[in-house]
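Participant: just the structure for this:
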Amino acid sequence: MSMPRVVANDLAPDWGGASGPGGRVRTEAAEAVMNDASPEPEPAEPSPESREPSRDSLGSKLRSHIGWWVGVASALIGIFAFFLNQFESDAPAFSEWQDQVNAICQQEIPSIGPEMEEATESFVKMDEKPNPAQSERDAVSDKLEATGSSFLHLAGSWRALERPDDHQEGINDLIRAVSDLGYSYGAVAYAVSRNEDTEQLITEQLGHHRLVALEVQALKLEQCQELVGKPEDW
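Facilitator: From the prediction side, this is the model:
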């Protein structure tokens, strides 16, 4: 029996052929090298929308800042309230001041009331005479001067009182009005003693009386209202 001829090339694997294993290995390796050598694609430029900050992020930042400031303000208010409580005012309450002022008026009614009436009546009697004597003028002037001094003393007594924290403006207006009333009596007294015209001075004095009555009424000083009268009385 004859044996087939075996050629050495037939027994060796075909490492170089394209269809063989060797060929496939070389082809894949070459493709890999080519792929590595090819330039990478450039990254895409971000769109204008992506470059703008997110509205949601801006809103959250704004809310965060507002919340921070609100927290700081609340803390400051709490600190202020704490120190305010530590340094509470020792000023009397308005009702206490009212009681003190009414008590002073109650004490002054027996003296100022008759004094004011006597000065007014004596002036009216003198003014009705065509040519009163100088002695009568001096007597009327003294009574008017004494009444004015009493009102100034009343204003000083009120001014010496410790005042409440509230109604400061009304209290100042009251004391100023009573002081002006006292000075108006002094002006009339001076004019009477020098035989000068008193019509304008008397008109101003009545206006001061009415203003005092209004201030007393506004501050609800009932006892003082008895002393100075009501606004419609003047």
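
Participant: longest helix anywhere in the protein?
Facilitator: If you go by DSSP state H, the chain has its longest helix at helix 94-128.

Participant: elements contacting that helix?
Facilitator: Contact analysis of helix 94-128 by 3 or more CB pairs under 8 Å, 6 or more residues apart in numbering; DSSP states H and E lists helix 134-160, helix 168-193, helix 222-228 as its packing neighbours. All C-beta spots, glycine's among them, are computed from the backbone N, C-alpha and C.

Participant: what packs against the first one?
Facilitator: Packing partners of helix 134-160 (3+ CB pairs under 8 Å, 6+ apart): helix 94-128, helix 168-193.

Participant: I'd say residue 223 and residue 105 touch.
Facilitator: Yes: Residue 223 lies in contact with residue 105 (CB atoms under 8 Å); the separation is 4.5 Å.

Participant: who's more crowded, those two?
Facilitator: Using other CB atoms under 10 Å as the criterion, residue 223 and residue 105 rank with residue 105 on top: 22 against 18.

Participant: which residues does residue 122 contact?
Facilitator: 139, 140, 143 (CB atoms under 8 Å, 6 or more residues apart in numbering).

Participant: tell me the one of these nearest residue 128?
Facilitator: If you rank the contacts of residue 122 by distance to residue 128 using CB to CB, residue 140 comes first, at 11.9 Å.

Participant: tell me how many other residues surround that closest one.
Facilitator: Neighbour number of residue 140 under other CB under 10 Å is 25.

Participant: quick one: it from residue 133, how far?
Facilitator: 11 Å (CB to CB, to the nearest Å).

Participant: please name the residues that touch residue 129.
Facilitator: residue 136.

Participant: what's it sitting at in phi/psi?
Facilitator: With angles defined as degrees, to the nearest 10, residue 129 sits at phi -80, psi 140.

Participant: show the pLDDT at it.
Facilitator: pLDDT recorded at residue 129 is 94.

Participant: what's the answer for the one 10 residues further on, then?
Facilitator: Predicted confidence (pLDDT) for residue 139: 97.

Participant: what do you get for residue 66?
Facilitator: 76.

Participant: same question for residue 72.
Facilitator: 73.

Participant: and it, what helix or strand is that in?
Facilitator: Per DSSP states H and E: residue 72 is located in helix 55-86.

Participant: follow-up on the earlier one: so which of the helices and strands packed on helix 94-128 is nearest residue 111?
Facilitator: Of all the helices and strands packed on helix 94-128, helix 134-160 comes closest under CB to CB, at 6.7 Å.

Participant: what residues sit buried inside that closest one?
Facilitator: By neighbour count on 16 or more other CB atoms under 10 Å, the buried set for helix 134-160 is 137, 139-141, 143-148, 150-152, 154-155, 157-158.

Participant: before we move on, what about stretch 192-207?
Facilitator: Buried, per 16+ other CB under 10 Å, within stretch 192-207: 192, 193, 198, 201, 202, 205.
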